[in-house]
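Q: Sequence and predicted structure, then a few things I'm wondering about:
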Amino acid sequence: MIKLSNFEELPVILNTLGVGDRYEELLQRKEVIFDDSEENLISLDLSELKLKDLPPKIFDSFTQLKVLNLSQNELSDITKESFAGLTELEQLFLFVNKIKHLPEDVFTNTPNLTQLDF
């Protein structure tokens, strides 16, 4: 079940989630918000949230995620651990951020990545 403060509990037949301005809630209460159902998400939109960094392994339980939109944020440092657990990820959107350099091994954890918009 997904529990967001403005919604009743929703059965997770939801495959796409746009978090909007609730990213801080996601970080602080990930286990409460998703109640172990994040593994069913296929698409996650975290664009335009003024994110400055990604905690290591923040997406590690999003095992079925295929599309991740991190565009139009303020991200500057991305590490290999930022994408740990995203083995099914196919599309990653990172455009309009402050990233100047990507480590050579940054996509080691994303073997199915076929589209990178940077």
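A: Looks like it came in fine.

Q: Where do the helices of this protein begin and end?
A: According to DSSP state H, the chain carries its helices in the segments 23-28, 30-34.

Q: Pick out the shakiest of the ones you listed, pLDDT-wise.
A: By mean pLDDT, the lowest-scoring of the helices of the chain turns out to be helix 30-34, with a mean of 46.

Q: for this structure, what spans make up the strands?
A: Secondary structure of the chain (DSSP state E): strands located at 16-18, 43-45, 67-69, 91-93, 115-117.

Q: helices or strands up against the last one?
A: Here strand 115-117 is seen to pack against strand 91-93 when contacts are counted using 3 or more C-beta pairs under 8 Å, 6 or more residues apart in numbering; DSSP states H and E. No exception for glycine: its C-beta is placed from N, CA and C like everyone else's.

Q: Quick one: residues in contact with the strand it packs on.
A: The set of residues external to strand 91-93 that reach it, using C-beta atoms under 8 Å, 6 or more residues apart in numbering, is 47, 66-71, 83, 110, 113-117.

Q: Now the two most distant members of the residues you listed.
A: Pairwise distances across the contacts of strand 91-93 (C-beta to C-beta) peak at 19.6 Å, for the pair Ser47 and Thr114.

Q: Settle this for me: Leu94 is touching Gln115, isn't it.
A: No: between Leu94 and Gln115 no contact is recorded; they are 11.0 Å apart, counting by C-beta atoms under 8 Å.

Q: Make sure Leu44 is actually in contact with Leu68.
A: Yes: the pair formed by Leu44 and Leu68 meets the contact definition of C-beta under 8 Å, at 5.5 Å.

Q: which neighbours do these two share?
A: When C-beta under 8 Å, 6+ apart defines a contact, the residues bordering Leu44 and Leu68 alike are Phe59.

Q: so where's this protein uncertain?
A: Counting by pLDDT under 70, the chain contains low-confidence ranges at 1-37.

Q: on that earlier part again, the more surrounded of Ser47 and Thr114?
A: Ser47 (18 against 10; other C-beta atoms under 10 Å).

Q: do you know how far the more buried one is from His101?
A: Shown here: Ser47 relative to His101, a distance of 21 Å by C-beta to C-beta, to the nearest Å.
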